[in-house]
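**Q** for reference, the sequence and a predicted model appear below.
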Amino acid sequence: MSTKFNDFLNEQLENPEIRREYEALQPERAIIQAIIDARKSTGLTQKELSERTGITQGDISKLENGNANPSIKTLQRLASAMGMSIKLEFVPAK
């Protein structure tokens, strides 16, 4: 992230209401980042992942941009196509 964006984000997060909403979206951001990181670590493009999963490249793009909510089944298909498995974890709330 750029410094200007970080400065803007930090300024906005001083508002308690915005901070609550931002923190509520953390699990979604973590899943999106995990998908992107896994795909990149395997050296696959979205198109190649699409070919392996049968999920359209457009839908993979939507997932990676946060414009779609994947089911566990979809996450399993993605993981399998990358030679990976999913690890879901519940942790105590802070």
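**A** Done, it's in.

**Q** any weak-confidence spans in this protein?
**A** Along the chain, the model assigns pLDDT under 70 to residues 1-2.

**Q** by residue count, which helix of it is the longest?
**A** For the chain, the helix with the greatest residue count under DSSP state H is helix 26-41.

**Q** how far away is the spatially most central residue of the chain from N65?
**A** Per C-alpha atoms, centre = their mean, the C-alpha nearest to the average position across the chain is that of I32, at 0.3 Å. According to C-beta to C-beta, to the nearest Å, I32 stands 8 Å off from N65. Every residue, glycine included, has its C-beta placed from N, CA and C.

**Q** all helices for the protein, in order.
**A** With helices called from DSSP H, the chain shows them at 3-12, 16-24, 26-41, 46-53, 57-64, 72-81.

**Q** which one of those lies nearest to E89?
**A** E89 lies closest to helix 26-41 among the helices of the chain, at 10.7 Å (C-beta to C-beta).

**Q** restrict that closest one to CA atoms and write it as CSV.
**A** What follows is helix 26-41, C-alpha atoms only, in CSV (Å, rounded to 0.1, in the frame of the first residue of the first chain):
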residue,chain,number,x,y,z
GLN,A,26,-11.0,-8.4,8.1
PRO,A,27,-12.0,-12.1,7.6
GLU,A,28,-13.1,-11.4,4.0
ARG,A,29,-9.9,-9.5,3.3
ALA,A,30,-7.8,-12.4,4.7
ILE,A,31,-9.6,-15.0,2.5
ILE,A,32,-9.0,-12.8,-0.6
GLN,A,33,-5.4,-12.3,0.2
ALA,A,34,-4.9,-16.1,0.9
ILE,A,35,-6.4,-16.9,-2.6
ILE,A,36,-4.1,-14.4,-4.3
ASP,A,37,-1.0,-15.5,-2.3
ALA,A,38,-1.7,-19.1,-3.0
ARG,A,39,-2.2,-18.6,-6.7
LYS,A,40,1.0,-16.5,-7.0
SER,A,41,3.1,-18.9,-5.0
